[in-house]
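**Student:** Please find the sequence and the predicted model below.
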Amino acid sequence: MIQVIGIPYDQNSSFLRGPALAPARIRLMDAGGSSNAFSENGSEIMHGKTYWDRGDLPLHDQAPGLAYQTIKDAITAALQVGQPVLSLGGDHSISFPIMAAFAGKYRDLNILHLDAHADLYENFLDNPYSHASPFARIMENHLAQSLTQVGIRTLNPHQKSQSDKYGINRVEMKQFQFDFLQSLRAPLYISVDLDVLDPACAPGVSHHEPGGLTTRELIHIIQHIRVPIVGADIVEYNPARDVNDMTAMVAYKLFKELVAAMMG
């Protein structure tokens, strides 16, 4: 059974607040009844059957350093149960403490990061916990054996330098193909920033970046991973910018497909 934890935190967002509202809104797509609970492989994705919803962490307006420790401690405790963990964010800063917890259990962790942005800034607005920097923190702290970034389409010279420094496998949108799937290694953690999708597919994100993946391409990636997935997160959904819950439903769809993939 997959453990699901909501992490309603957006204090490290650099542009707009709103992702803290995301876990509750994504859950509404399950409760609302406009879609059934089945993934495309026929698994019924249901609380108590295929996943255990542990609710939201009580983060409120914690300062970034305290929130980091709260998240890391909660995920560390969840991992002791011995079941995979899927987190619903929240802005992308939550991935740093999550992966710090995972690295404590998986010394050879590999990460698949799906995003329009590399999130590799060494120093963004003097906030080391910024949602623009989690993968800089992850790599400089040696929390992952490998990092594959897919969907990138905002790479500036600084982030390219950071990417080269850390030996990151980049699959930029301008050269996107599915070949990278063959090189993924276990144990694998997947981080899905919803702005990896084209804004036409996911308008409810803080940072619209045209030219992204389609929802079907992203589902194809999830469905064709052939190594064990030990954890995942879905981040940067912003209900304040959504249109008729379109992006909430996309997030719920991806949630179902990730749970199915994590079940193996």
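**Tutor:** In hand now; what should we look at?
**Student:** give me every residue that touches residue 176.
**Tutor:** Residue 176 makes contact with 150-151, 213, according to Cβ atoms under 8 Å, 6 or more residues apart in numbering. To be clear about C-beta, it is placed using only N, CA and C from the backbone, and glycine gets the same treatment.
**Student:** Report the separation between it and residue 209.
**Tutor:** Going from residue 176 to residue 209 by Cβ to Cβ, to the nearest Å gives 14 Å.
**Student:** Buried residues, stretch 205-219. List them.
**Tutor:** For stretch 205-219, the neighbour count (16 or more other Cβ atoms under 10 Å) marks 205-207, 209, 212-213, 215, 217-219 as buried.
**Student:** Just send the residues you listed back as a markdown table, with distance to residue 261, secondary structure and pLDDT too.
**Tutor:** Output for the buried residues of stretch 205-219, formatted as a markdown table (distance: Cβ to Cβ, whole Å; DSSP: H, G, I helix; E, B strand; the rest coil; pLDDT from 0 to 100):
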| residue | distance to residue 261 | secondary structure | pLDDT |
| --- | --- | --- | --- |
| 205 | 22 | strand | 98 |
| 206 | 26 | coil | 96 |
| 207 | 26 | coil | 95 |
| 209 | 25 | coil | 97 |
| 212 | 21 | coil | 98 |
| 213 | 17 | strand | 98 |
| 215 | 15 | helix | 98 |
| 217 | 15 | helix | 98 |
| 218 | 12 | helix | 98 |
| 219 | 10 | helix | 98 |
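**Student:** Mind picking the two most distant members of these?
**Tutor:** 206 and 219 (22.6 Å; Cβ to Cβ).
**Student:** ranges for the strands of the protein?
**Tutor:** Counting by DSSP state E, the chain has these strands, from start to end: 2-7, 51-56, 85-89, 110-114, 146-152, 169-172, 188-193, 229-235.
**Student:** could you pull out the helices for the stretch 1-150 of the chain?
**Tutor:** 22-31, 64-79, 95-105, 134-140 (DSSP state H, counting those that start in this stretch).
**Student:** any idea of the angle the third one forms with strand 229-235?
**Tutor:** Read that as helix 95-105. Here helix 95-105 points in a direction 170 degrees away from that of strand 229-235 (axes from the mean of the first three to the mean of the last three Cα atoms, to 10 degrees).
**Student:** before we move on, what about the first one?
**Tutor:** Relative orientation of helix 22-31 versus strand 229-235 (the same axes, to 10 degrees): 100 degrees.
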